[in-house]
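Visitor: Sequence below, structure please.
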Amino acid sequence: MNNDLNYTRPSRIKYPLIAWVLIIACLLLYSLCPNISYAGKEGVFINNSVFFTLEEVSLSKSTDSQSLQLRVMLTNGSGTAVDFNNYGVKVTAPGGRSYYAQLSEKADALVNPQSSQTFAFISKLASDLTADQLSVTFFDRSRNQLELGSLSVSKAMSFQQNDRQFVFSLSAADPAQTGSTFVSVQAGAAFAYPADGKWNVALDTTVKVSGTSSGWDPAGLSYALRDEQGKTIALAAAKTDETKQDGATATSMLLTAKLDAQPQLDGLSLVMQVKSSGKEIGQIGLQSSFQLVKLGEKAALAGPGHEGMTLEATKAEEVMQSGKRVGIVTAKLYNGSSRSIAIPEFAGLLVSKDQQNSLATETITGTEKYIGAGKDATFQFVAEIPDELVSEQYELYISEKKSSAASGSATGANAAEPTGASAQTGSGSGSSGGSVTLPLAALNLDSGLQAGVDGTPATGSELGTPFVFKADNQSVNKNLEVTLVEINSHSNPETGYQSVIAKYKFTNKGQETLTLPELATELQDGSGKTYSGTKQTTVLKELVPQASYAYSYSYLLPPDVKGTFKLSILEGSGTSKLKLPIAAKQVAVRSTDGDKPEVLGTTLKLYPYEVKVNNWSLNGNYNNNTWAYKLSLDLNIKKQPDVMVDDATGSLEFELVDPSGRALGSSTYTLQGTNKLINDWQNITLTNVDNNQFQYPLSVRVYETVQTPNGAAKRLLVTLKQ
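Guide: Numbering: from 1, shown residues only. From the prediction side, this is the model:
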């Protein structure tokens with residue numbers, strides 16, 4: 001018998017048993033050590049259907065510390081609820097360092113089956129750590145803090161680096177507060193500018209309160225500026241907005257102060273203190289808050305509602321307009337988000353720091369209310385520059401107008417003074433209502449205001465030829481054609497001036513209804529003197545496709561000003577003091593003063609109407625010492641068929657005068673609407689003429705009248721003589 005082939009049963013099952021033991025051990029190890037998934041985004045798995053993801057991370061740096069705010073999501077794809085209380089979160093760094101993360105917002109710990117729930121945490125970190133060194137580690141409290149896995153901070157779905165933010169526990173500011181509540185103070189854009197012999201400082205700030213006491217009022221803090229020497233000045237706080245989301249309350253505030261001297265911006269810090277005790281909580285360096293953006297660079301707008309928005313100044317120039325020095329800065333607002341946004345209401349301040357002078361600007365923009373995703377809008381900031389102001393160091397501060405929801409104020413030489421520091425004289429004040437302007441962006445116009453083209457070159461003088469508008473104008477749509485169809489003058493010896501009426505035709509050449517723009521116009525004579533136009537009171541606000549509408553502007557000129565004029569169309573809101581030319585024409589103003597009185601067969605032209613007088617007669621009726629005159633007219637009235645009209649479109653005034661030119665009575669009739677003039681014969685009544693007031697023969701003057709906010713403007717068309 002061969003002993004080498006003599007095997008027993010126990011020896012034959014030894015190795016299969018070892019294999020089974022190894023398989024079972026691997027399965028147990030797999031169940032005890034959840035894996036990290038990298039499909040789509042990182043995740044730490046508790047089991048095959050329950051896992052953590054890192055959704056939002058914000059690293060906040062203040063002057064001498066930093067904190068990490070994070071939001072994790074627990075997804076429960078199982079059939080039973082998962083209790084988040086069984087798990088914890090910490091922040092880990094190289095060298096074995098770890099930092100406990102504390103829950104910062106209220107949330108339901110139980111995550112129902114087939115649902116997800118987010119949880120917000122905050123962790124205080126060493127100031128030398130950077131985002132790429134940090135990870136968020138999850139652990140199981142029920143298994144002796146067993147680590148389940150880690151997720152990279154820099155690879156979070158949303159990562160934000162906040163270099164001007166300080167985060168603290170509410171209990172540090174208010175010992176009476178219990179529970180887990182955290183406050184973050186975010187310093188935004190800041191301005192420092194001269195005004196009325198002082199230096200104004202304005203700082204946009206957002207205070208976010210999250211946790212068990214999210215309704216805590218940020219007015220419980222006082223705010224102050226501190227310079228490099230430790231001097232402080234109190235800041236007034238005005239609330240501008242308040243939003244609630246995910247168990248947190250975010251309050252936007254404008255902090256302001258007036259300083260006696262120009263501050264050194266590089267050394268300024270924002271100090272937060274407990275209002276009741278004066279205890280200092282922390283500070284934020286403001287060096288980057290005063291950062292200037294160069295011409296041609298894009299500045300990202302911070303703060304709620306500005307996500308994806310950037311502002312870029314594209315041109316800065318100085319021109320002569322109507323004999324005045326005018327500074328113009330053109331800027332574009334870009335919408336880089338995936339949604340349409342409402343166009344903000346901007347305010348501008350043109351600052352010359354070397355001359356310590358600040359000039360408020362007019363803001364000119366288009367009529368659009370929203371900017372589509374991926375689109376932009378153009379703004380022009382316009383300021384009149386005094387002749388005595390000569391500067392090469394201009395800056396433009398752009399703010400957003402907001403309503404003031406609430407306010408506080410602080411004044412004094414020792415306001416908010418920390419221990420061992422002297423205070424700088426100054427004051428701060430807040431408004432109890434109305435509006436405030438929140439700093440958005442500061443533009444460095446280091447090359448000064450470049451010399452621009454004065455005004456707009458005038459094109460040909462032919463009536464009916466469309467105006468050529470500047471391509472970057474904000475008022476006239478490219479599909480809106482504007483033409484001058486009439487311009488006539490009439491001298492009035494009784495008032496000592498001549499009245500010029502210019503009529504403009506607007507035609508919608510596009511396929512969509514357009515809003516009729518609010519435009520200003522002016523006439524400029526050969527000596528450079530300008531005369532502003534007053535727009536006719538109109539009813540129509542929008543113009544449908546392929547239709548036209550006409551209305552007039554009236555101008556008052558000295559009686560001896562005649563000849564050719566430069567007619568300019570300007571843009572700017574009705575309340576703007578400064579308006580910019582966007583088109584111009586050379587025009588010859590026709591005077592009707594020398595027109596002959598013959599009328600039969602004469603056609604009166606008042607666009608869009610032509611009124612032919614076929615015949616007329618004037619008869620009087622005497623009763624109770626007064627005369628009533630009846631003017632009978634045989635008219636033929638035609639209207640341009642493509643022009644829309646309303647009750648304000650055309651009116652004729654009939655004025656009875658004696659040989660001395662004295663007016664005895666008048667009546668006005670429209671060419672559209674109630675009691676309008678019609679074709680064929682009709683009677684015009686002129687009443688209440690005193691028997692002793694006049695001599696014969698009588699005449700009737702026929703005027704075109706244009707209603708304006710300043711009253712009726714008249715143009716003599718013809719005189720009917722007996």
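
Visitor: quick one, phi/psi of F84?
Guide: For F84, the backbone dihedrals (degrees, to the nearest 10) come out as phi -70, psi -20.

Visitor: Do I have it right that it meets Q117?
Guide: Yes. With contact defined as C-beta atoms under 8 Å, F84 counts as touching Q117 (7.2 Å). Glycine gets a C-beta too; all of them are placed from N, C-alpha and C.

Visitor: joint contacts of the two?
Guide: 74, 107, 111 (C-beta atoms under 8 Å, 6 or more residues apart in numbering).

Visitor: which one among the residues you listed gets closest to I684?
Guide: A107 (81.4 Å; C-beta to C-beta).

Visitor: Tell me the spacing between that closest one and L70.
Guide: Per C-beta to C-beta, to the nearest Å, A107 is found 14 Å from L70.

Visitor: again, but for Q707
Guide: Distance from Q707 to L70, counting by C-beta to C-beta: 66 Å.

Visitor: ok, the two, which is more surrounded?
Guide: L70 (25 against 17; other C-beta atoms under 10 Å).

Visitor: any idea which helix or strand carries the more buried one?
Guide: In this assignment (DSSP states H and E), L70 forms part of strand 66-76.

Visitor: what about the helix or strand where E56 lies, average pLDDT?
Guide: Here E56, judged by DSSP H and E, is contained in strand 50-61. Averaging the model's pLDDT scores along strand 50-61 yields 88.

Visitor: Then stretch 650-657?
Guide: Stretch 650-657 shows a mean pLDDT of 89.

Visitor: residues making contact with it?
Guide: 604, 606, 608-609, 611, 629, 631, 663-672, 677, 684, 686, 689, 698-707, 712, 714, 717.

Visitor: next one: that stretch to chain centre, how far?
Guide: With C-alpha atoms, centre = their mean, to the nearest Å as the basis, stretch 650-657 stands 47 Å off its chain's centre.

Visitor: Then stretch 204-223?
Guide: Distance, centroid of stretch 204-223 to centroid of chain: 27 Å (C-alpha atoms, centre = their mean).

Visitor: ok, now stretch 480-497?
Guide: 37 Å.

Visitor: Then stretch 702-718?
Guide: That offset, for stretch 702-718, works out to 39 Å (C-alpha atoms, centre = their mean).

Visitor: List the contacts of the residue nearest to F467 when sequence neighbours are not counted.
Guide: Leaving aside its sequence neighbours, F467 sits nearest to A583 (C-beta to C-beta, 6 or more residues apart in numbering; 4.1 Å). In this structure, A583 makes contact with 456, 459, 467-470, 473, 476, 482, 568-569, judged by C-beta under 8 Å, 6+ apart.

Visitor: now with 6 Å?
Guide: 467, 469, 569 (C-beta atoms under 6 Å, 6 or more residues apart in numbering).

Visitor: Same question for A331.
Guide: Taking C-beta under 6 Å, 6+ apart, we find A331 in contact with 311, 313, 379.

Visitor: Kindly recompute the last result at 8 Å.
Guide: So A331 contacts 311-314, 378-381, 398, 443 (C-beta under 8 Å, 6+ apart).

Visitor: List the buried residues of the strand or helix carrying it.
Guide: In this structure, A331 sits in strand 324-335 according to DSSP H and E. Across strand 324-335, burial judged by 16 or more other C-beta atoms under 10 Å covers 326-331, 333-335.

Visitor: Would you format those residues as a markdown table with pLDDT and distance to S617 included?
Guide: As requested, those are exported to a markdown table (pLDDT from 0 to 100; distance: C-beta to C-beta, whole Å):
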| residue | pLDDT | distance to S617 |
| --- | --- | --- |
| V326 | 87 | 57 |
| G327 | 88 | 63 |
| I328 | 88 | 60 |
| V329 | 91 | 64 |
| T330 | 90 | 62 |
| A331 | 92 | 65 |
| L333 | 94 | 65 |
| Y334 | 95 | 69 |
| N335 | 94 | 68 |
